[in-house]
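> What follows is a predicted protein model with its sequence.
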Amino acid sequence: MQLLVQVPSGLIPGELFNVEAASAVFEIAVPDGVHGGELIEVDLPVEHVDDSPPHGPDDPLVVEIAVPEDTAGGSEILIEHEGLQFYVVVPEGLGAGDIFAVEVPQQTGQEAEDLIKESPPTSPATEQAYTKPASPTRRRRKKSSGFESWLSFPLATSGAFDIRQGVEVYRTDGTWSAATVEAYDDSSDTYDVVLEDGRVKYLVESDHLRHIKVGGFNKHQAVKVLERQTWVWARIEEYTEDGSSTYGTFSVELIDGQKRYFLEAADLRQVQRHRGGG
């Protein structure tokens, strides 16, 4: 029997925890590279009794899921099975450790392509950062609006943070880690962010993110600088204490990818944030 289970909080690789299934208790060792709170797939030596007809090529595939820790009935969780990620709603009345069966969606054509684009990267253990209240249907990730720019620049959103902006994200262990905003959903005001080690946290609320300050500005804040008598878009990269300047100087990246160095604050035009723009 294969189950998706959550490693209890506080455990580290090599430590043991118990999983109950089919009226039996199994001892599981935390795999290398996995820590408390993450989801792993385990293969338990239990003969699964199935009274249903044989599974045909066009029949839906059914898998069994163990409810993650701190997750109640009615919550929506992200499931990964053989490289496919999809959302399911935990049935009402179930709690952490309970097991329920779900059908793996069969995606084809454009629908499958859209699901892959919206899904997190494939991993044997995905950090549980995506449990959220259930909605009637799975939300499509909305593209953020804003000024046109190359992909190396942050796109303005209607929220407090821009796409591809450097931020700090609050972790479950009470610490803050550097990350980059990858996507924004304005219907829920939540963000997907990529940590420095490549892992992704999904649907992070804005109060779990904070700006990185760079000389009075925010890192990667959208500003305008004067280029050949024209104000063009740029973003703040770094701030350097400079002995020749009372307040230090900034380096910025222009809309076309070029870099400019040794700019003072007076050389930068701040742009007021408003809905749909930077």
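Good, I have the coordinates.

> what about the residue nearest to Tyr170 when sequence neighbours are not counted, how many neighbours?
Take Tyr170 and drop its neighbours on the chain: the residue closest to it by C-beta to C-beta, 6 or more residues apart in numbering is His208, 4.3 Å away. Quick note: C-beta positions are derived from backbone N, CA and C, even for glycine. If you count neighbours by other C-beta atoms under 10 Å, His208 ends up with 17.

> For His208, give me phi and psi.
Note on His208: backbone dihedrals following degrees, to the nearest 10 are phi -100, psi 10.

> Which positions in stretch 19-33 come out as buried?
Going by neighbour count (16 or more other C-beta atoms under 10 Å), the buried part of stretch 19-33 is 19, 21, 26, 28, 30.

> And the pLDDT at the residue nearest to Tyr170?
In this model, His208 is scored at 93, pLDDT.

> Name the helix or strand for Val34, please.
Using DSSP states H and E, Val34 maps to neither a helix nor a strand.

> Tell me the secondary structure at Asp173.
At Asp173, secondary structure determined by DSSP: H, G, I helix; E, B strand; the rest coil is coil.

> now do the one 5 residues further on
With three-state DSSP as the basis, the three-state label of Ala178 is strand.

> cool, Asp207 as well?
Classification of Asp207 using three-state DSSP returns helix.

> Who are the contact partners of Gly159?
184, 186, 189, 191, 206 (C-beta atoms under 8 Å, 6 or more residues apart in numbering).

> Drop anything exposed from these.
For the contacts of Gly159, buried by 16+ other C-beta under 10 Å: 184, 191.

> one step back: and the residue nearest to Tyr170, how close does it get to Ala160?
Separation of His208 from Ala160 (C-beta to C-beta, to the nearest Å): 12 Å.

> before we move on, what about Asp207?
Remark: distance between Asp207 and Ala160 (C-beta to C-beta) = 9 Å.

> which one of those two has more residues nearby?
Ala160 (17 against 9).

> Would you confirm that the more buried one contacts Ser206?
Yes - judged on C-beta atoms under 8 Å, Ala160 makes contact with Ser206 at a distance of 5.4 Å.

> Next, count neighbours for Asn18.
For Asn18, the count of nearby residues is 10 (other C-beta under 10 Å).

> excluding its backbone neighbours, what's nearest it?
Residue nearest to Asn18 in three dimensions, not counting chain neighbours: Val25, with 5.2 Å by C-beta to C-beta, 6+ apart.

> which element is the residue nearest to Leu254 when sequence neighbours are not counted on?
The shortest distance from Leu254 to any non-neighbouring residue, by C-beta to C-beta, 6+ apart, is to Ala234 (4.9 Å). Assigned by DSSP H and E, Ala234 belongs to strand 230-240.

> Buried ones in that strand, by neighbour count?
233-237, 239.

> Show me the helices in this structure, by range?
For the chain, helices defined by DSSP state H occupy the ranges 109-118.

> that older thread, quick one: the residue nearest to Asn18 from Val34, how far?
According to C-beta to C-beta, Val25 stands 20 Å off from Val34.

> got any ranges where the chain has weak pLDDT?
By pLDDT under 70, the low-scoring segments of the chain are 1-2, 21-23, 37, 46-61, 80-87, 105-155, 242-246, 271-278.

> can we see that at 80?
In the prediction, the chain carries residues with pLDDT under 80 at positions 1-10, 17-26, 35-39, 41-90, 92-158, 172, 228-231, 242-247, 255-257, 269-278.

> Spell out which residues make up each domain of it.
Residue ranges for the domains of the chain, per the TED database: 2-43, 61-103, 165-211, 215-270.

> Mind checking those for the one nearest to Ala156?
Shortest distance between Ala156 and those, using C-beta to C-beta, is found for domain 215-270: 6.3 Å.

> end to end, how far does that closest one reach?
End-to-end distance for domain 215-270: 13 Å, by C-alpha to C-alpha, to the nearest Å.

> How about stretch 211-218?
With C-alpha to C-alpha, one end of stretch 211-218 sits 6 Å from the other.

> Give me the residues contacting that stretch.
161, 165-168, 178, 219, 221, 223, 236-239, 247-248, 250, 265, 268, 270.
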